[in-house]
Structures are given as structure tokens and as C-alpha cells.
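J.: Fold the following for me, if possible:
(4 chains, ligands or ions: 4)
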Amino acid sequence: MAHQLVATHDPVALAAGPPSLLTTEGLTKRYPGVTALASIDFELRHGEVHVLFGENGAGKSTLISLLAGAQQPTEGRIRMCGQEVSFQSVHDARAHGVRAVFQEFSLVPQLTVEENMFLGQEFRRGPFLDKAMLRRQAREILDRLEFELRPEALVATLSRADQQMVEIAKAFTEGVSVLILDEPTASLTERETDRLFALIETAKRNGTGIVYITHRMAEIRRIGDRITVLRDGRKVASLRADEANDDQLIELMTGRVIDQIYPRIAHRPERVLLELDRVTLANRLLRSVSLNVRAGEVVGVAGLVGSGKSNIGRAAFGLEKIEDGRIRFKGRDVTGFSVSTMMQEGLFYVPSDRRDEGLVMMRGARENMALSALDSPSFARFGILRRSAEVKRASDLAKHLKLRPMDLERGVEQFSGGNQQKVMIAKALAREIDLFIFDEPTVGVDVATRTSIYELIGKLCEAGAGILLISSDLPEILNLSNRAYVMYRGELRAELSGAEITQENVLGHFFERDAK
Amino acid sequence: MTSIELTHLDRRTTATAAREVMKRLFVGLGVLPFLMLAAMITFSLMSDNFLTSRNLINVARQSSYLTIVSLGQMLALISGGIDLSVGTTLAVTSVVSAMAMVASLAAMPDMVGLAILIGVFAGLAAGVAMGAINGLGISLFGVNPFMMTLGMSSVGFGLALYLTSGIPVQGMPEAFGAILGFGTLFGVPVPIYATAVLIALVYLLLNWTRLGRYIYAVGGNIKASRLSGIEPKRTLFKTYVLCSALTTIAGLMLTARLATGEANIGGSMPLESIAACVIGGVSLSGGSGRVGGVVLGAVFIGLVQNGMNLAHVDSYLQIVAIGAILILAVIADRVRLRLASEMTN
Amino acid sequence: MTSIELTHLDRRTTATAAREVMKRLFVGLGVLPFLMLAAMITFSLMSDNFLTSRNLINVARQSSYLTIVSLGQMLALISGGIDLSVGTTLAVTSVVSAMAMVASLAAMPDMVGLAILIGVFAGLAAGVAMGAINGLGISLFGVNPFMMTLGMSSVGFGLALYLTSGIPVQGMPEAFGAILGFGTLFGVPVPIYATAVLIALVYLLLNWTRLGRYIYAVGGNIKASRLSGIEPKRTLFKTYVLCSALTTIAGLMLTARLATGEANIGGSMPLESIAACVIGGVSLSGGSGRVGGVVLGAVFIGLVQNGMNLAHVDSYLQIVAIGAILILAVIADRVRLRLASEMTN
Amino acid sequence: TDKSWFPVDVESWNPPFDMNSARTTVQYTPTGKPAAPLNICVSVPHMKDAYWVAVDYGVTQEAKRQSVQMTVLEAGGYTNLAKQISQIEDCVASGAQAVILGAISADGLNNLIKELSSQGIPVIDFMNGVTSKDVAAKSLVSFREMGAGAGTYIARKHPTGSGKVKVAWFPGPAGAGWVEAGNQGFLKAVDGSDVDVVDTRYGDTGKEVQLKLVEDALQANSDLTYIVGTAPTAEAAIEVLKQRGLTDKVKVISYYITPSIYEGIVKKEILAAPSDLAVIQARIAVDQAIRILEDKDYIRHAGPKLAVVDQENAASFDLYSSVAPADFKPVFTVE
Ligand SMILES: Nc1ncnc2c1ncn2[C@@H]1O[C@H](COP(=O)(O)OP(=O)(O)OP(=O)(O)O)[C@@H](O)[C@H]1O
Ligand SMILES: Nc1ncnc2c1ncn2[C@@H]1O[C@H](COP(=O)(O)OP(=O)(O)OP(=O)(O)O)[C@@H](O)[C@H]1O
Ligand SMILES: [Mg+2]
Ligand SMILES: [Mg+2]
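T.: Residues are numbered from 1 along each chain as shown, chains lettered A, B, ... in the order given. Ligands and ions are numbered 1, 2, ... in the order given. So this is what the prediction gives:
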């Protein structure tokens, strides 16, 4: 049934009109144990947005890493405007005007935003760097994107979302003929997303071809011209965006039907578990924030990038120095408690940046899942590990979250982005927890997995756990939360509950009051 | 005609099959066993005395000290650090234990056993104290391990010299050396047994205890381990204490062998132990490394040195050779990894 | 009554203000200037010969060699690597240049200038060759820098010994030493000028050239820099060549000063240069470090050694002291960073 | 250099192995070629400077002359005691019948020596000296005497009452056996004279290290009369003094001799240096080994008379009793 949809595939279509901007023939990439990509024929035309869609581990990032020269194909050919090309490095690809926003960023933490933006294409006067030019260009691009970033800020000090913006800004420099975006909006909010899409439109008009990877159906509909669906490294279909509907796409992607993404969660709010009482952080990234989370409910936290969402979770978990105010958990004052004690108390924070804070990349999935639970008797007695129990628990979790590939000993770095996310969430489930704080839990997670994560959240909630859901993905907040708080510049702007939680209401609080 | 072709075919296939098998072994086992084998063959061709049980036991005993120290070094490396003070720790242990024994023997000449015990404990205390200071500096004050241990190695050496005024400490009880240094059991030297036990213990620690898991985690990603409820400071502190403890044991065994307290031993230990770890597959950026590899690495170094001595290789040449061999070992391992990534269904 | 209170108030405020200023300076300038000052004061109290222009020039000249080598080391460290072969590079340079000079002087006794030139080039060639081999091993074969340079240091040392059999190479033209070694200009020794020039060049390289930027990038995140279209292999290769080039220059200057070619010099250089870098604020995990800090670090080490010698500090004690001071320097810097992070609003 | 080195006057201690027991001067002549082929192992701390190269020259020359098989092993430095032990073990394992030992540590090898002698492998202690009573023979002038040699040379020039002179003293790397021995000898020799040692600076025998120490010593003490120390110290000192125009003011003495030191003495840049006739010591050690293995009678504890080379006797001094010829390359195996 897939083949009927493949319109772009017959040679006649190709022969007609100008040679397409970029085509691949039988592109294949093998990693130890996995064939990430199996003989993909892909076509990108001038001025189109070609969406790559597929489950976690389907091979999307691999495909674009080949197109961008980050890795070399095991087999197959790449043509640009009919000419065969072989990219030995990103350097080569850039020379052909291929520019990519990578899922795992390509930023150097020790360098500033501007230095990162033009890394590999510095401006020079004679043999020396032209720093004035650099500053001007960087400013110009940032303004065009309307990203609130200081060009001289060190990337290391930026939150993941801020870094995402730098990564995007990096791609919007001159001389781009093929623009590749791998889940650029994963941790962005509407505002930045809108700007990005506007720029993509202008790029299209200038004839730039765009490869866009996303897990968000809404985005596909907004900007997609054509869609190529990948499954297990194979191309299952290539179709026009306007003749594809969500259910069809999801079916193509997963091979099964998913009726609804967001589960109905029966909130039964009980005793207050977590309570922040006029909390101000030493670094002033939160200022007198008060909120509470009850057992048996999902509480959302929305807000623009950099509004301090994450810091709420971090503060509750004992990661941030608190200058003023109290934090109570289960009625007990836990202000200034260490992470380990908070965990023993029954609170767990799942961070937003899996690479930086979530996972030990070079260790296996099993070790990562068990790591936070090793102090519980079910995993270790008197410091001696109970490895059989550990293996069992880990494989249960892996099955539950549909880890792909189902190999617990494989280094986490060898999993696809979304599957890494699954491993990180598994960590939270490995031990007894009463209050979960999820910070951007579905960053880079495919629809199917997304659904299962939402179901999981629902189950946890209905089982009586409290859940604080910090997210930049508004629909998530709207559909899952019983109550929602909106953050603005490190302050709590509003608390909404039940029916009040609508897009308008929330967005209304996102921006400056006096702005409207 | 056809038959010939057939045999041809056969040969080719068997040949390729064999190569395939070799390749798989190479990738699976790592490069060291093969280098070891190569060295064995080369040296046994160069000298008839090499492949004698006596010499091999000899090598094993000689390597035991480096092996133990390398185990300690491995812990430091896995935790994402390094210990440049292992050499000095050896020296301090040696000096302190010797002085303590001599002193307590003078105090009570008839209680040799007790004197030895006191000496051993004094040495252990001194050595572990150095580890504890390293640990404190690194975990509490967040001093970079390289600098902390480099500084401590200087401090310790100075103290050892100061204690002995540079002159070896003599007059230790014969028994000490007789047992720990030269004793044999079923023809196998005691140090080898000791080493075997320690290897087993470190293996258990790393693979079957929480602390071991934490050491890997902290070395792999300290932020992530903090967010997993681990307290990296504690883990790091314990790591350096353990590292020094192992080194100290090596120091005691060495002292027993030398029968004197020497401030001037262990100079080459830090770099040699790190080398042993690295060619044993330990990552200098932390988070990964296996006991087996390190042991092989240490023994390999010992084996090469011994072999070159037996083969009467010029000393100057030996210096060149050992360097070259270390580099080649690492290169070979890189090749192995490439093969591994190629060898995919 | 009130007036008194007022003055009280004033005093308090001025005091706090002063403290505030100190704090800002401390955070801004880094810890070294203060340590330097402290050392200066201490030593000038302990010995009247210390704070003489003559001795300070003396210190500056003595430190110039370590400074230059540390600059090279810094490049390696920023690129995320390390160079343990700087010591051997010094030795090789010294030996080769000396032998070349002596040989060519023997060949044409009347052309001293040419002989010197030949010697210098031979030395440079030999030293840079070592760097190139390091670079190749590290970039092309992906050998870990620690092992690569450790191995090379052994190889180089062996060769240097083989060339000289450990006996100093004598009979270099007086002129060479007279200029590069002992020459002065306006009362300031030539080596100091040379060092100043090299400092300036390295500063330019790191802050105003693309290569410099790339060295930081590769050291900061090699994967990211590859994804940004940089080719890390090239950058790394260049880095190690530059590192060895700097070291070689130091080697030539040292040879000129010693007036002999020595295989036994530079033993303490690797660790000392790394120490200078680290207390100068260079990160051992790569990606960050400034020229100014490194220079201060190197001079500080030289200053402390000189000061302790002039103050007749007992040798054993010196060994202890230098270690302790290094550690304290790093701790002080940690404290500074804490202050800094507090000071961000 | 081919001219035969014997007979030479040597001192012999009786009872042996005790530096304090009575010395008698005897003429030493080696035995003839051994009947059976012999295999001897020589272990030295390192081969990184002229002193030990001279030793190597001595043992290997003698081995060639007597056509015995020989392996020379160097441990790579005075911090590698464990390595020296391993090397000797290896050497014996590869079939050496006798071991000539230049010990890294005076006591650290006693166990090994006992073990070897119990296996019937004689150990000849040369150059550095060990405290073990199990050695078969000694052929050495201890570094204590070298230090003393340098010390007495100055002390004689400045007996008590002749006016104080200041000396800066650079014994070598702290903790090394020979350094501490030399230090004791030197200090003992000068005490009770008008020589006062105003500065004692340990440091590696790298010339650049010693250079620094000398410079600092000159800064610290404006009125030095003598700089006494290792060969690299003396070589470095010459350069510094030249540059500072102090050559006539400050005298330089090395406490052992090397080719460059000898040259310095001839050029009148260095005042004097004691020689322990390293080459002769080495040759005697080899001869002792041969005699023991052939069980002929031998002098159990011999050592050449210490000679002090100064600007007067330099010309007449037989250099090759103390250093290797300039063109000599270290030999590690003699077949
Ligand atoms: N470095 C690697 N080594 C081994 N296998 C890898 C490596 N990188 C990716 N893979 C495997 O290749 C397959 C495709 O990975 P890829 O990252 O392309 O998936 P993806 O479509 O981008 O998924 P996601 O939507 O989660 O990003 C996965 O099975 C993954 O496990
Ligand atoms: N370690 C840090 N150092 C300096 N600034 C930081 C750090 N972490 C976060 N910030 C900044 O603090 C502000 C709030 O960070 P936080 O991550 O809580 O915001 P957020 O609402 O979660 O935004 P995001 O969507 O990026 O997570 C942001 O401007 C961020 O750049
Ligand atoms: Mg991906
Ligand atoms: Mg966040």
C-alpha cells in the first residue's frame, strides 16, 4: 500500500523539469549490529520543505548525517543538481552549500555564541580574525531570528533551549542551498518556533531546499510540502503533505493504528506533596515563586524559553542554592536537602538535557536505568549489587518503554535520540517515587513513544503519584495537566486550573502584560 | 581440471574462514593477548631461557608490584582522575613501615611478629593518609586530580627524604622479607598469590558493588551521577583512598623484597602504571576500563622488559623499543576498533 | 554622640568598600598576581639579595625556558591533549644542534656563522620532527596524546643517549653561547627578549588567528568542531608541531646557555610545564586557557624556586614546599571561582 | 689506550668489607685468560653520564681482553632499585655465572645478594658499595672517599686560622646512595678547617638544573670562594663564572672526574677533581670475578688509591684509568 503513495518515484517525474536539488540512490549506513539505513532513495527539490518522519531509531538523523557529511555511507550515492558528490567531511558538504542543525548540537561550550555561530567560517582581515565583522554578522542574524541571546555569552552557561537557538542561528548564515533541520523545535516554545518557520518560508522562496525532521504532526501540516516516512531504516513512503492525514502518517510510521495521542487522565488530587513557598534562588533565576503539587494530579509548568521553568524542578530537587523561602515535601521542610535525600524522600527530577545531566553516555542502558536506584535494597544489599534483579527490572522497564534496539548492554551513546530519552525516563521508574518532575519529557520522542510516555504519566498519576510537568510543548500542558502554572522571567505569572487551561489563557500570560 | 578448481576454491574459502575467525578473536579479545603472544614467540626465539617456567614465574613476581599499583591507578582513571603520587606513596610506605619496624624491634627485640605487625600498620596508615589527603583535596576543594597528586608526590618525597635524610632504613626483621618478599608456596612466590587476591577483590569491587558502579558513573558523567543521587565527593574520596591502599600494599611487598626502607623507589611507577592502564583499554577521560585489561597491560610491560633483558638488547635500544612498543600497542588497539566497526553483519 | 556614630558608619562603609574592591580585583585578575606578591614579600623579607634588580633579571632569564615550553604545552592542553615529550624534545634538540655545529665547524673551521646556522636548523628539524611524529600518531592513528607523547619521550631519550652515550657534546662555537645564551641588550639578557617575542606570537595565534580559534574548538568539543566543518586532524597535527617548535626554540636557547649538547636535560620539564599551565588557569580537559596566566604560572614557579634557594631553605624542605605551594595555588583559584559565581548578580 | 693497565697500586682492606679496617698497598696484576668460557653479568644504576660510561669501558675492555662473555645492564636511574633487581634476576636467569654489581642502594639489594650467593653465584660489589656481607668481593673506592678527597683538597689549602673561606656544595640528586655518601665524606673532611659550607643544594645531575642552583647560590652568597659539586655542577659553574667575570674569584671543584672536567682542569677553568680510577676499579672487578669462578685466590677487598687531579699533575695523569676515550661508545654485550 506504501507504493501507491510514492508519486515522486517514477523516472519520468524526475526527468521532467529542472534537476532536483539533491537526490540519493541506495544510501545505506551500517553500525555494529544495526543497519541504521537501508538503501534509501530520497529526493529534495528547490524551494521545498521535505519532512522526514519516523519512529525513534528509524534512521532520520543517520540519513541527514550522511547528507551533511558528518558520516560516510556504507553504500549508495548522493547527487546534487545531478552531479554525483561524495562528502568526506562536514567541510565538504558545507562547500556544496549543505548546512545542518544537528539533533545533538554542534556547539563548543567554551566558546561564545557568536564564535560558535561562525565556527568553521570565520571572517578574516588578512591572516587575522575580523572580530568586529563577526559581532556585526552575529547580531544581524540573531535579530533576524529575534532570539534573545547575547552574542558574547558563553554557550556553557546557556540552558538547553538557548543552546538550541544558537544551533539554529548557526545554520542561517550565508550561502545555504540545502538546509537540514533535525528536530530544531524540540525544546523551543511557540514564539521561537514561529520565528523559525517564518525564516524557513523566506528560505524556501529563495529556492533553498529544506530537510525537516520532527515528531510534531502540527508542524508537518504547517510547513511540510512533502513527507518521507522511514521505518527501521527503510523508506516506507514518500507523499505530498496535503494528501496525507495524521492517522495515515502514524500508521505508515508505526505500522499500526494509534487512536489518540493524549490519554484521559482521571485526576484525584489529594494531600499536598510538594510546596514551594516564596522561593528565591541565590542566582536570582527564580524570584519568590510559590506553587504546590498534590498527590494524584498532573501540574503543568509553561513559559517562554528561559522563563525559569526548569529551575523550579531543579530547586525542588535540591540542585539550586536557595536564598529565600521554604520548600516543603510531604509537609516536611526540605529546604537545602541534598539530591540523594530528596530521592529517598520520594521526589525525582528528570532533567531536560539527557546528554549533559541525564545519562552516562559511555555506559550501557541497564547501568543507566539502575543508577539512581542502587541505594534501594531491591538493587543492592550491604553495597553488594543484586545483578539478576537489576537485569530483570531493567529489561521490564525497557520492554515497557519499547526501547529500540532492545539491547540493555549497548552504550547509551549508540541509541537514537528518542531512545536515549526513554532510558532516562526509565531511571525515574527504577525506584519508589511519589512525586515525579519531568522537564521536557518528550524532547525528540516519536508519536508512538510520546503516547506511551503520556500513558505512563497518566498511570503514575492515577496510581496516586504527583507529577510536575515542565514543558515547552504547549499541547502537552493543555492536554495533560489538572492545574498549570505559567512562568515569566523567573516569576510565577499565573495559576490556571481545569477548564481555564486553554491555549489563549496560557499564551496570554507568556508575554509582557504591558505589551498589549 | 574441475577437481583442481574445486580444491582451489576450498583453499580460498578455508583461508578466508580462518582469517574471519582470527578477526573475530582479535576484535573480541582485544589486542593485548595477541601482542603478548607475539612478544612470547619473539623472545623465546631470541633467548632459550625466556620460555622457562622459572623465568615466567620470575616475570610474574616482578610484574606483581606494577600490577597492583596499576589496579589502584585504574580506579583513579575510571573515576575520571589520575594519581601521579603512587610512586611517592610507595616510597613513604617503604620508609615509614621500615622505621616503625626498626623502632619497635629496638623497643622489644624478642617480639619480631609484633614489630612486623606494627610496621605494616604504620606503613598502611602513612600510605592511606596520602590517599586521603589526595581525596580530600580533589573532592572537597575540587582541586584538579593531576595537580593534587602531582603536588602530593612532591610533598611525600620531600617528607620521605626528610625522615630518612636520604639514607636507606636498615635493620628490619629478616622474617618480614623472608615471608612477603621471598616466601614461596608450592614453588610460587607469595607476592603472586597476594596479587591474585587483590585482582579478584578489585574485580568484585568494580563489577559487583555499588561503589564500583558509582566510580564508573562519576567518571562517566559527574553531573548525571549527581542527579542520580550519587554524591560524587564521597565516591571520589573513597576512590583515592582505595587507590593509595592498593599502592601501599605494593609498597609493603616491595619493602619486604628490598629489606630496607627506601625513599628513592617508585620513580617510574606513575607513568608506567598509567601506561599499563591505557594499553589495557582504560579511558583517560574516565568512565570505562576493565580489570582484565589492566592486568594484561601491566604483565605485558613486565614481559617486554624481561624479554629484552634476556635477549641482551642494548639498554639504549631498550629505551627506544619500550616507547615504540607502547605506541604500537595503542595503534593496534585503534585498528582493532576500526575492524570492529567494519565487522557488522 | 551622633558624630561618633557617623564616623563609625563611615569607617564601616569604607572598610566594606575596600574589601569589595579587593574582592573584585581578586576575581578579575585571578589568584596568581596575589600569590606572586605574597611570594615577593615573603622572600624579600627572608633574603636581602632577593629583591635586587639583578636577581629579578636572573629569575626572569631562568624562567624563560620553562615559560616557552609552557606556551607549547598550553597549546597541547587547550587542544584537549598533553605533551609529555617536551623534556625529550629539549634533549634531542640540544644534542642534535650541538653535534651538527661541532661537525660543521670541524668541516669548515673558519665559517663559524654558517656552522651555527646549520646547528640551529638541524636542532629545529630534529625537534619539530618529534612534534610531527606526535601529531601524526595522535591525529592520523588517533593514539591517545598521553600515550603517544609518553612513548615518544622514551624513544627520543633513547636516541639522544645513543647519539651521545650520555657524554656532553663539547666544542660548540663560543659565539653561539655568547649571543643566545649570555648575550644582553641594554642590560637585559637576550633570552628574555626572545621569550617576550614568543609570548606575543602565541598570544596572536590563539586570539587573532583561525588556527587558534580551531585549537580551542577542537579541545572544547571535537565532535562539534567536526560537525562545524573543522578538520580536527589537521588542527591537532599543527598543534603538536607548534608545541614542539616552541620547545625546540627553548632547547636551542638552553643549549647556547649550557655551551654543550646534553641528553640529560629537561627531565622535569613535562610536569613542571603542565603545572605552570594549570596554575595559570589552563583546563586539563581542553578548550580553555590564556597566555597571560601561563606566563605568570611559569614565572611564579621560577620565582618560588629561586626565592627558596636565596632564603637558604633546606633542599628536602623545598621539595615539600614546592608541592604544597602548587596545591595551594590551585585551591586559591577554586576559591576565586566560587567568589566569581557568587558575584554574578 | 691499549697499553696494559697493570700492574697498579691498590689498597686492600683486612679484614675485608670494612672500610675502617687496616689498609695495605699491594700491586695488582690480573690473572691470565680463563680456561673455560665464562659468562658475567654487570649491573649499573644507569649509563647516562661519563662516569658510568667509563665503568662500562672498563668492564667491557677487560672482558674483551680476557675473552669472557659479558652483559651490561643499566637500570635507567637511581630511582629504579626495583628495576635493577629485576634486571639482575633476568640476567642470572639467562645464565650468568657471576654478577658485578654497581648498587643503586647500599642495603636494598642485600636480600638479592644473599639469594644469589646461596645459589652459588658470586656477587662482586663495585663502584658504589653495599652493606651485605654475602658479597664475594669488593672493588671500590666509595663515594664517601671521593667527597672526602675533594674536601681535604680544600681543607689543606685553608687550615684553621688561615682565614675563613665560603663554599657552596652541590652533592647531586637528593636520596641517591652515592650522593649521600659523598655528602658525608665532604662535610667530614672540611670540618675542623677554615672552610665553611654556606650552602648545600641537592639537585638532579642535569646541567640545566645545576646551572640554576649555581646561579642562585651566587645570588645568595656574594663572597663565595669555592663551588664544589658534581661534574655537571662544575661544567655549569664555569659558564656562569665566565659570564659574570668571577672566574678568578670563585674556584670550581668537581668531586669526580669526567672527560669534560679533565679538559676543564687542563684549561685551568677547574681547580681539581678527585678520581677513583673508575676504569681500573671496573677492570679489577672483572678480574676478581674470573678468579672466583676459576677458584684462584684473589684479593677480597681491593680499591685503587684515590688520586686528586689538579692543574699541576693533570698533564702526567693517566686519563684512561679514569675515563673512557672520547670515541668510545657504550658496549652492552661482549660475546
Ligand atoms: N554511533 C552509533 N553506533 C551504533 N548505532 C547507532 C549509532 N548511532 C545511531 N545508531 C543506531 O542507528 C539507528 C538509527 O539512529 P538515528 O539516530 O538515525 O534514529 P532517528 O531516526 O534519528 O531517531 P530519533 O527520532 O530518536 O532521533 C538506531 O537504531 C540507532 O540505535
Ligand atoms: N547553569 C546556568 N548558568 C547560567 N544561566 C543559566 C544556567 N541554567 C539556566 N540558565 C539561564 O537561566 C534562565 C532560566 O533557565 P531555565 O532552564 O530554568 O529556563 P527554562 O524556562 O527552563 O527555559 P528552557 O526552556 O531553556 O529550559 C535561562 O535564561 C537560562 O539561560
Ligand atoms: Mg535523531
Ligand atoms: Mg528547561
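J.: The host helix or strand of A:Gln421 vs chain B: in contact?
T.: In this assignment (DSSP states H and E), A:Gln421 forms part of helix A:417-429. Yes - for helix A:417-429 and chain B, the contact criterion (CB under 8 Å from any CB of the partner chain) is met by A:Lys427. Quick note: C-beta positions are derived from backbone N, CA and C, even for glycine.
J.: Following element in sequence after that helix, please.
T.: Counting by DSSP H and E, what follows helix A:417-429 is strand A:435-439.
J.: What are the buried residues along whatever helix or strand comes next after that next one?
T.: Downstream of strand A:435-439, the first helix or strand assigned by DSSP H and E is helix A:447-462. Within helix A:447-462, the residues that qualify as buried are A:447-454, A:456-458, A:460-461, counting by 16 or more other CB atoms under 10 Å in any protein chain shown.
J.: And stretch D:265-280, by the same measure?
T.: Neighbour count says stretch D:265-280 has D:265, D:269-280 buried, by 16+ other CB under 10 Å.
J.: mind showing which ranges of chain A have poor pLDDT?
T.: When residues are selected by pLDDT under 70, those of chain A lie in A:1-18, A:512-516.
J.: Map the structural domains onto the sequence of it.
T.: Following automatic domain parsing, one gets these domains for chain A: A:2-97+A:175-254, A:109-174, A:268-346+A:433-516, A:361-432.
J.: just the helices in the stretch 151-300 of chain D please.
T.: D:177-190, D:207-220, D:231-244, D:259-266, D:278-293 (DSSP state H, counting those that start in this stretch).
J.: Send me the shortest one as CSV with only the CA atoms.
T.: This means helix D:259-266. Coordinates of each C-alpha in helix D:259-266 appear next as CSV, following Å, rounded to 0.1, in the frame of the first residue of the first chain:
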residue,chain,number,x,y,z
PRO,D,259,86.5,14.0,30.2
SER,D,260,85.0,17.5,30.3
ILE,D,261,86.2,18.0,33.9
TYR,D,262,89.7,16.9,32.9
GLU,D,263,89.6,19.3,30.0
GLY,D,264,88.5,22.0,32.4
ILE,D,265,91.4,21.3,34.6
VAL,D,266,93.8,21.4,31.7
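J.: what packs against that helix?
T.: helix D:231-244, strand D:251-254, strand D:272-275, strand D:307-310 (3 or more CB pairs under 8 Å, 6 or more residues apart in numbering or on different chains; DSSP states H and E).
J.: right, is the second one up against chain C?
T.: Right, the one you point to is strand D:251-254. No - contact of strand D:251-254 with chain C (CB under 8 Å from any CB) is absent, the minimum separation being 12.9 Å.
J.: returning to that earlier point: tell me which two in the buried residues of stretch D:265-280 are the farthest apart.
T.: Longest distance between any two of those is 26.0 Å, between D:Glu269 and D:Ile280; criterion CB to CB.
J.: got the angle for the helix holding A:Gln421 vs helix A:447-462?
T.: Here helix A:417-429 runs at 10 degrees with respect to helix A:447-462, directions being taken by axes from the mean of the first three to the mean of the last three CA atoms, to 10 degrees.
J.: Can you give me the distance of the closest residue to D:Lys268 other than its chain neighbours to ligand 2?
T.: Nearest non-adjacent residue to D:Lys268, counting by CB to CB, 6 or more residues apart in numbering or on different chains: D:Gln311, 5.5 Å away. Using CB to the nearest ligand atom, to the nearest Å, we find D:Gln311 at a distance of 72 Å from ligand 2.
J.: What values do phi and psi take at D:Gln311?
T.: In terms of degrees, to the nearest 10, the main-chain angles of D:Gln311 are phi -70, psi -20.
J.: Show the contacting residues for it.
T.: With contact taken as CB atoms under 8 Å, 6 or more residues apart in numbering or on different chains, D:Gln311 is in contact with D:Ile265, D:Val266, D:Lys268, D:Leu271, D:Ala272.
J.: which residues touch A:Phe53?
T.: A:Phe53 neighbours (CB under 8 Å, 6+ apart): A:Lys60, A:Ile213, A:Thr214, A:Ile220, A:Ile227, A:Thr228, A:Val229, A:Leu230, A:Leu249, A:Leu252, A:Met253.
J.: I meant B:Gly323, not that one.
T.: For B:Gly323, the contacting residues are C:Leu150, C:Gly151, C:Met152, C:Ser153, C:Ser154, C:Val155, C:Gly156, C:Gly158, by CB under 8 Å, 6+ apart.
J.: most surrounded residue in those residues?
T.: Using other CB atoms under 10 Å in any protein chain shown as the neighbour criterion, C:Gly156 leads the contacts of B:Gly323 with 30 neighbours.
J.: Check which strands are paired with the helix or strand hosting A:His50 and give the direction for each one.
T.: If you go by DSSP H and E, A:His50 is part of strand A:49-54. Strand A:49-54 has the following sheet partners, assigned by DSSP bridges: strand A:209-213 (parallel), strand A:226-231 (parallel).
J.: Do it and ligand 1 come into contact?
T.: Yes - on the criterion CB under 6 Å from any ligand atom, strand A:49-54 is in touch with ligand 1 at A:Gly54.
J.: Next, see if that strand gets close to ligand 3.
T.: No - Strand A:49-54 does not reach ligand 3 (CB under 5 Å from the ion); its nearest approach is 9.2 Å.
J.: what's downstream of that strand, the next helix or strand?
T.: Sequence-wise, the next helix or strand downstream of strand A:49-54 (DSSP H and E) is helix A:60-67.
J.: ok, is that next one in contact with chain C or not?
T.: No - on the criterion CB under 8 Å from any CB, helix A:60-67 is out of touch with chain C, staying 8.8 Å away.
J.: got the angle between that helix and strand A:226-231?
T.: Angle of helix A:60-67 versus strand A:226-231, following the same axes, to 10 degrees, is 120 degrees.
J.: Just the CA coordinates for helix A:60-67, please, in PDB.
T.: C-alpha atoms of helix A:60-67 as PDB (Å, rounded to 0.1, in the frame of the first residue of the first chain):
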ATOM      1  CA  LYS A  60      16.300  10.000  10.300                       C
ATOM      2  CA  SER A  61      19.400  11.500  11.900                       C
ATOM      3  CA  THR A  62      21.600   8.900  10.300                       C
ATOM      4  CA  LEU A  63      20.200   9.900   6.900                       C
ATOM      5  CA  ILE A  64      20.900  13.600   7.400                       C
ATOM      6  CA  SER A  65      24.300  12.900   9.000                       C
ATOM      7  CA  LEU A  66      25.200  11.300   5.600                       C
ATOM      8  CA  LEU A  67      23.700  14.200   3.700                       C
END
